[in-house]
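> the amino acid sequence is not available; the structure is as follows:
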Ligand SMILES: Nc1ncnc2c1ncn2[C@@H]1O[C@H](COP(=O)(O)OP(=O)(O)O)[C@@H](O)[C@H]1O
Ligand SMILES: O=C(O)C1=C[C@@H](OP(=O)(O)O)[C@@H](O)[C@H](O)C1
Ligand SMILES: [Mg+2]
């Protein structure tokens, strides 16, 4: 990858896209963009409100529109977990840099998402975390340019591992 390429994180909710994305941006002294924030700026309300009132398909539409409208040049980007449902959004993001899939096993996601029932996830009502994981895992895998499992590591070690995988020096 080129030195000013964007880095785009994709993966399940609670896989660490926002946490590690923010840390990566600080380490690389790059702009950090969370596409969830882009949606909230566009709608003027928390994602959860939009989800409750308009439903998960509307949220996915808004997510696609927010991503397509943005220039991600040289940014570190945390996407929302459902962004992978838009091929157009994924193609748009890829113009700016590689898509990196944070691959976290379902057992760990179950622990991190202990608030799963009350947390807004853009999926059909009634679907459980295992259903969502089964539907999305193949999508993340076929969409990603890079895939990494950093579950066993601390957040700092995870950032180092991502930088190393991308050929960027961890000591930056
Ligand atoms: N190795 C790790 N990498 C990333 N996040 C981790 C790790 N271990 C624990 N966590 C925790 O998991 C959560 C990930 O949440 P978040 O960054 O919001 O994920 P996402 O944006 O993918 O939904 C955070 O609370 C973070 O502190
Ligand atoms: O996976 C999902 O369906 C969603 C994940 C959330 O973002 P994170 O992946 O950052 O948690 C947010 O976009 C929205 O609540 C829907
Ligand atoms: Mg996030």
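Sure thing, it's come through. Keep in mind it's a predicted model, so treat the numbers as computed, not measured. Numbers count the residues shown, from 1 in each chain. Ligands and ions are numbered 1, 2, ... in the order given.
> let me know whether residue 5 touches residue 98 as I believe.
Yes: using C-beta atoms under 8 Å, residue 5 is in contact with residue 98, at 6.9 Å. For glycine as for every other residue, the C-beta is placed from the backbone atoms N, C-alpha and C.
> quick check: pLDDT value at the closest residue to ligand 1 within the chain.
Taking C-beta to the nearest ligand atom, ligand 1 has its nearest neighbour within the chain at residue 16, 2.7 Å off. On the pLDDT scale, residue 16 is placed at 97.
> what's near enough to touch it?
Residues in contact with residue 16 (C-beta atoms under 8 Å, 6 or more residues apart in numbering) are 9, 102, 104, 150, 155, 158.
> and the fourth one, helix, strand or coil?
It stands for residue 150. Taken by DSSP: H, G, I helix; E, B strand; the rest coil, the conformation at residue 150 corresponds to coil.
> chain neighbours aside, what residue packs nearest to it?
Leaving aside its sequence neighbours, residue 150 sits nearest to residue 158 (C-beta to C-beta, 6 or more residues apart in numbering; 3.6 Å).
> any idea how far that neighbour is from residue 126?
With the distance defined as C-beta to C-beta, to the nearest Å, residue 158 ends up 33 Å from residue 126.
> find the nearest non-adjacent residue to residue 43, please.
That would be residue 50: by C-beta to C-beta, 6+ apart, it lies 5.4 Å from residue 43.
> hmm, the host helix or strand of the one you found touching ligand 3?
Assessed by DSSP states H and E, residue 50 sits inside helix 47-54. No: on the criterion C-beta under 5 Å from the ion, helix 47-54 is out of touch with ligand 3, staying 10.0 Å away.
> what lies in contact with that helix?
36, 39-40, 43, 58-59, 62, 80, 120, 122.
> residues of the helix or strand that that helix is followed by that come out buried?
Downstream of helix 47-54, the first helix or strand assigned by DSSP H and E is helix 56-68. For helix 56-68, the neighbour count (16 or more other C-beta atoms under 10 Å) marks 56, 59-60, 62-67 as buried.
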